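**Q** A predicted structure for the sequence below; I have some questions about it.
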Amino acid sequence: QVQLVESGGGLVQAGGSLRLSCAASGTFLRINAMGWYRQAPGKQRELVAGITNSGSTNYADSVKGRFTISRDNARNTVYLQMNSLKPEDTAVYYCHTDEILFAYGRGYDYWGQGTQVTVSS
């Protein structure tokens, strides 16, 4: 059983910063690519940022230059540093990994429970 647990969400004024964390717990050998998604009310879930096991990153155009994704493989944790936040960044943010390697095989498509980020104007 693997769990992804997010933390760090909250309420912040426009222009402020937040740092999200997502820790994976369970027994496994390796987590491959990880990412942060978000879903605002009435909108589809969208990819915010992704990072491979080797550290290559990609970002949605809307957050480039403001958000930074990083990971600590020793702690099985991925982070999202969010700066210069805007009201349109308000959403539930979800941690995701598409593949986990176990001793007995692979598992796919794991999601965290989500953490609310609210940016006031």
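**A** Arrived safely.
**Q** only C-alpha atoms for contact and neighbour calcs from this point on.
**A** Fine.
**Q** ok, now which ones touch the residue nearest to the spatial centre of the chain?
**A** Ranked by distance to the mean C-alpha position of the chain (Cα atoms, centre = their mean), the top residue is Trp36 at 2.8 Å. Applying Cα atoms under 8 Å, 6 or more residues apart in numbering, we find Trp36 in contact with Leu47, Val48, Ala49, Gly50, Leu80, Tyr93, Tyr94, Cys95, His96.
**Q** name the nearest residue to it, sequence neighbours excluded.
**A** Cys95 (4.7 Å; Cα to Cα, 6 or more residues apart in numbering).
**Q** for that neighbour, helix, strand, or coil?
**A** At Cys95 the chain is in strand, as set by DSSP: H, G, I helix; E, B strand; the rest coil.
**Q** that one - how many residues pack around it?
**A** 30 (other Cα atoms under 10 Å).
**Q** buried among the contacts of Trp36? Make that a PyMOL selection.
**A** In PyMOL syntax, the buried subset of those is picked out as below (16 or more other Cα atoms under 10 Å):
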select buried, resi 47+48+49+50+80+93+94+95+96
